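Novice: Can you look at this prediction? I've put the sequence above it.
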Amino acid sequence: MSEFEQWYLEYELNVNRPGILGDIASLMGMLHISIVTINGVDHQRRGMLLQTKQPDQIPRLAAILKTMSTIDVIKLRKPKLRDRIAIRHGRYIDHSSGEIKTFRFVREDLGILVDFMAELCKQDGHLLIGVRGMPRVGKTESIVAASVSANKKWLFLSSTLIKQTVRTSLFDDERTGDYVYIIDALVSQRHFDERHWQILREVMRLPATKIVEHPDAFVKSSEYTWDDFDYIIELRNTTEEIIVTEPPRAHGGNDWFNFE
């Protein structure tokens with residue numbers, strides 16, 4: 001018995017008149033294609049998650065849609081993670097065109113960020129995510145919320161969330177793939193105990209998700225490079241905010257580290 005295949009369709013309205021969606025839905029019905037979800041993903045754009053047991057009908061759908069003067073087909077493809085998030089939240093994640101691994105969010109988008117990271121955390125195997133952002137912008141709370149949403153346990157290897165945490169050992173049950181390992185690279189950078197760095201290297205070899213806050217510091221302080229990261233997430237208070245990658249040295253205090 002054939003299984004359903006899912007596809008993502010995105011189109012732009014050339015003429016916003018009543019009945020266009022009905023025309024498209026009727027066409028899909030004749031081709032035995034179901035609409036699972038529909039939402040606006042941008043100004044004058046609509047996104048649809050489709051499914052069918054007859055994937056040979058998809059090229060026919062594409063050919064017919066191209067003849068419609070009222071719409072322009074932007075995308076018709078197997079759904080990517082960004083497509084699914086756009087359908088759920090009604091807009092696309094800001095994705096850097098020059099840096100294919102970088103995704104940008106502002107603080108008011110924490111719900112979308114959590115959903116995006118949760119989907120990443122659900123993946124099996126090794127995954128290394130870097131999260132860049134200034135203090136108190138919501139990095140740690142987003143990571144923890146994403147872990148919960150993905151039904152994963154979270155484990156701080158280094159953190160200042162409640163008190164400074166620097167792990168130098170792991171229990172056996174903490175080496176399973178059920179964990180999301182969280183590293184605050186600024187804290188690890190200040191901690192020169194080789195046992196801590198041995199734990200970090202061990203965790204890097206585990207088939208699990210690792211999320212590094214302040215990846216700039218992690219790259220600077222370790223043998224790991226930007227190429228080792230699968231995704232870079234940037235979180236800002238506003239789109240114009242500049243992320244400072246070095247901690248302030250004034251007053252000799254630790255304000256940079258006591259956040260979130």
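Specialist: That came in fine, so what should we check first? Numbers count the residues shown, from 1 in each chain.
Novice: can you give me how far stretch 91-109 is from the chain middle?
Specialist: Stretch 91-109 sits 9 Å away from the centroid of its parent chain (C-alpha atoms, centre = their mean, to the nearest Å).
Novice: Where do the strands of the stretch 1-150 of the chain begin and end?
Specialist: 5-13, 34-42, 45-52, 71-77, 94-95, 102-106, 127-133 (DSSP state E, counting those that start in this stretch).
Novice: What lies in contact with the fifth one?
Specialist: Right, strand 94-95. Arg82, Thr102, Phe103, Arg104, Phe105 (C-beta atoms under 8 Å, 6 or more residues apart in numbering). Glycine gets a C-beta too; all of them are placed from N, C-alpha and C.
Novice: again, but for the second one
Specialist: Outside strand 34-42, the residues within contact range by C-beta under 8 Å, 6+ apart are 6, 10, 21, 25, 28, 46-52, 86-92.
Novice: ok, back up a step: could the strands of the stretch 1-150 of the chain go into CSV alongside distance to Leu235?
Specialist: Converted to CSV, the strands of the stretch 1-150 of the chain look like this (distance: least, C-beta to C-beta, whole Å):
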stretch, distance to Leu235
strand 5-13, 26
strand 34-42, 21
strand 45-52, 24
strand 71-77, 26
strand 94-95, 11
strand 102-106, 5
strand 127-133, 4
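Novice: need the least confident one among those, by mean pLDDT.
Specialist: Ranked by mean pLDDT, these end with strand 94-95 in last place, scoring a mean of 82.
Novice: which stretches of the protein have low pLDDT?
Specialist: The model of the chain has pLDDT under 70 over residues 1, 96-98, 246-260.
Novice: cutoff 50 now
Specialist: Scanning the chain with the threshold set as pLDDT under 50 gives 249-260.
Novice: the helices in it, which residues?
Specialist: Taking DSSP state H, the helices of the chain run over residues 20-30, 57-66, 81-89, 110-121, 139-149, 185-190, 194-204, 215-221.
Novice: nearest to Arg167, of those helices?
Specialist: Proximity to Arg167 (C-beta to C-beta) singles out helix 194-204 among the helices of the chain, at 5.6 Å.
Novice: which parts of that closest one are buried?
Specialist: His196, Trp197, Ile199, Leu200, Val203, Met204 (16 or more other C-beta atoms under 10 Å).
Novice: Let me know the closest of those residues to Gly125.
Specialist: Met204 (12.9 Å).
Novice: Quick check: bridge partners of the residue lying closest to Gly90 once chain neighbours are set aside?
Specialist: Excluding its sequence neighbours, the residue lying closest to Gly90 (C-beta to C-beta, 6 or more residues apart in numbering) is Asn39, at 5.1 Å. Beta-bridge partners of Asn39, counted by DSSP bridges, are Gly47.
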